[in-house]
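> Provide a 3D model corresponding to the input given below.
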Amino acid sequence: MNTSGFERGNKREFRIHVLPTKRFKTFAISLYAGVPLREDTVTKVALTPFVLRRGTESYPETKQFREQLEHLYGAGFGFDVYKRGDYQIVQFRMDTINDSFVGGDEQLLDRSFAFLGEVLTRPAQENGHFRTSYVQAERETVRKKLESIVNDKMRYAAERSIEEMCKNEPYRLHPLGERKDLPGIEPDTLSASYQEWLQQASMDLYVVGDTTLEEVENLVQRHFNVDRTFSSDYQTQAAVRGDKEVETVVERLNVSQGKLNMGLRTSITYGDPQYAAALMYNGILGGYPHSKLFVNVREKESLAYYASSRYDGHKGIATIQSGIEIPNYEKAVTIIKQQLEEMKSGTISDLEMSQTKAMIRNLLNEMQDSAFEMIAYDFNRQLSGKERTAEELLAQVEHISKEDVREAAEQFRLDTIYFLRDEKEE
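As a prediction, the model looks like this:
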């Protein structure tokens with residue numbers, strides 16, 4: 001598992017990370033552009049990659065744009081918009097076959113960088129700004145994506161619980177922005193926002209494949225037509241302490257099944273020495289099918305259709321998600337709280353420890369089979385400032401004791417209970 005073999009460089013204020021390897025038949029290219037989550041910019045930043053993927057200066061029509069990928073032997077191209085801690089991240093990905101597997105004098109890495117560089121820095125324009133038709137169409141795309149969250153009550157409850165828990169923090173914002181902002185975004189204002197984003201975002205470019213750092217730096221210099229004046233580093237922020245009274249929020253909508261979500265705060269974040277113990281804590285609590293929430297809330301008591309937990313190590317937050325029959329609310333809250341207390345008291349079986357370690361071990365070992373998973377893992381060091389290889393994390397997990405997990409559990413405090421229920425009055 002070679003996750004520490006990335007070579008580092010910098011060109012045009014893009015941080016460059018290259019893992020030279022002959023293991024894969026493709027080049028995996030990933031560009032992360034991160035900015036702080038802000039209410040006045042989040043929607044425009046989210047809309048930007050949707051418009052960028054419509055066309056470039058050389059391929060202004062979307063059909064031409066897609067045909068160019070076919071000319072690259074069916075190269076994969078896509079993007080995601082998400083948040084990590086209090087940052088909004090736009091990630092572009094390309095997956096291009098290695099030249100040696102197609103024969104001839106093809107230079108597919110060079111052509112892929114030419115394509116990605118043009119997507120990023122030379123978008124299709126009219127009258128000096130983004131094409132109006134593209135902006136209008138992609139505003140509708142983002143609106144539908146945000147609307148779909150409302151229609152998916154599981155996702156809706158998860159988002160609403162975070163909004164309530166973090167109502168005074170940037171983390172409350174959805175990475176795709178807010179529907180109310182979309183109608184007011186015009187081509188000229190979006191273009192101005194895009195230029196600011198291009199200059200100010202933290203840019204990390206990753207390549208895994210049969211190449212070198214020097215070659216990638218030259219490709220960035222040649223094809224990324226932007227003169228960035230500085231490269232901002234991600235700022236690690238202290239986790240918000242969860243020492244206030246637990247807040248309970250009940251929301252009523254036209255639903256037949258209740259959604260019970262709980263938010264916990266912890267001082268343990270990705271860069272903390274206790275991070276491996278926090279991973280174990282989440283795994284035993286609700287991260288896997290053998291976890292306490294799944295076994296006790298769903299299986300033994302038959303109280304939930306689903307019950308699980310997630311841990312955001314960049315923010316210092318854990319969330320519990322469950323779907324329950326509405327009359328079972330009080331009982332479900334009680335049993336979930338019991339699981340939290342069991343964790344704090346160290347009531348953890350040997351089987352729970354061994355199964356959770358096995359799950360984490362498998363995830364870390366499987367990562368070496370995916371270039372993009374290796375990239376995603378390494379990007380955590382950029383976000384957190386913490387140097388920790390997958391091998392080191394695995395070794396830490398293997399040595400975690402029940403007492404380590406119990407001590408980590410002491411650092412997780414229930415902050416918010418959110419319950420989505422029907423509109424019937426009791």
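
> Next, residue 204: secondary structure please.
strand (DSSP: H, G, I helix; E, B strand; the rest coil).

> That one and residue 154, how far apart?
Going from residue 204 to residue 154 by CB to CB, to the nearest Å gives 32 Å. C-beta: built from backbone N, CA, C; applies to glycine.

> Name the residue in those two with the higher neighbour count.
Counted by other CB atoms under 10 Å, residue 204 and residue 154 do not tie: residue 204 has more neighbours, with 24 against 17.

> Next up, phi/psi of the residue nearest the centre of the chain, please.
Geometric centre of the chain, nearest residue: residue 82, 4.8 Å, by CA atoms, centre = their mean. Per-residue torsions, residue 82: phi -150, psi -180 (degrees, to the nearest 10).

> If it is in a bridge, with which residues?
residue 89 (DSSP bridges).

> separation between it and residue 231?
With CB to CB as the criterion, residue 82 and residue 231 are 21 Å apart.

> repeat for residue 300
Going from residue 300 to residue 231 by CB to CB gives 52 Å.

> Equivalent analysis for residue 215, please.
21 Å.

> try residue 124
27 Å.

> The two: which is more packed in?
Neighbours were counted for residue 124 and for residue 231 using other CB under 10 Å; residue 124 has more, 21 against 15.

> ok, that one - contacts?
54, 55, 56, 57, 59, 60, 61, 130, 131, 134 (CB atoms under 8 Å, 6 or more residues apart in numbering).

> and the longest helix along the chain, what does it pack onto?
When the chain is parsed with DSSP state H, its longest helix is helix 132-151. Contacts defined by 3 or more CB pairs under 8 Å, 6 or more residues apart in numbering; DSSP states H and E place helix 132-151 against helix 42-52, helix 153-165, helix 187-200.

> Redo those as CSV? Include mean pLDDT and distance to residue 276.
Formatted as CSV, these follow (pLDDT from 0 to 100; distance: least, CB to CB, whole Å):
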stretch, mean pLDDT, distance to residue 276
helix 42-52, 98, 32
helix 153-165, 96, 25
helix 187-200, 97, 34
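
> Minimum distance to residue 361: which of the ones you listed has it?
Nearest to residue 361 among those is helix 153-165; the distance by CB to CB comes to 27.5 Å.

> Can you dump the C-alpha atoms of the closest one in CSV for me?
Provided in CSV are the C-alpha atoms of helix 153-165 (Å, rounded to 0.1, in the frame of the first residue of the first chain):
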residue,chain,number,x,y,z
LYS,A,153,-36.7,12.5,3.4
MET,A,154,-33.7,10.5,4.6
ARG,A,155,-31.3,13.0,3.1
TYR,A,156,-33.5,15.9,4.0
ALA,A,157,-33.5,14.9,7.7
ALA,A,158,-29.7,14.5,7.6
GLU,A,159,-29.2,18.0,6.1
ARG,A,160,-31.8,19.6,8.4
SER,A,161,-30.2,18.1,11.5
ILE,A,162,-26.8,19.6,10.5
GLU,A,163,-28.5,23.0,9.8
GLU,A,164,-30.0,23.1,13.2
MET,A,165,-26.9,21.8,15.0
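
> Pull out the buried residues from that helix.
In terms of neighbour count (16 or more other CB atoms under 10 Å), helix 153-165 has its buried residues at 153, 154, 156, 157, 158, 159, 160, 161, 162, 163, 164, 165.

> who does that helix touch, helix- and strand-wise?
Helix 153-165 packs on helix 132-151, strand 247-252, strand 258-266, strand 317-324, strand 412-421, going by 3+ CB pairs under 8 Å, 6+ apart.

> How far off centre is the last one?
Put simply, strand 412-421 sits 22 Å off its chain's centre (CA atoms, centre = their mean, to the nearest Å).

> now the angle between strand 247-252 and it, please.
20 degrees (axes from the mean of the first three to the mean of the last three CA atoms, to 10 degrees).

> other SSEs contacting strand 412-421?
Packing contacts for strand 412-421, counted by 3+ CB pairs under 8 Å, 6+ apart, involve helix 153-165, strand 247-252, strand 258-266, helix 329-345.

> Out of these, which is closest to residue 292?
Shortest distance between residue 292 and those, using CB to CB, is found for helix 329-345: 4.5 Å.

> From the chain's centre, how far out is that closest one? Work that out for me.
In terms of CA atoms, centre = their mean, the centre of helix 329-345 is set 28 Å apart from its chain centre.

> Contacts for the least confident helix or strand in the chain by mean pLDDT next, please.
Least confident helix or strand, the chain: helix 62-71 with a mean of 90, by mean pLDDT, DSSP states H and E. Helix 62-71 is contacted from outside by 53, 54, 55, 56, 59, 75, 76, 77, 115, using CB under 8 Å, 6+ apart.

> Which one of those is nearest to residue 252?
So of the contacts of helix 62-71, ranked by how close each gets to residue 252 (CB to CB), first place is residue 53, at 38.7 Å.
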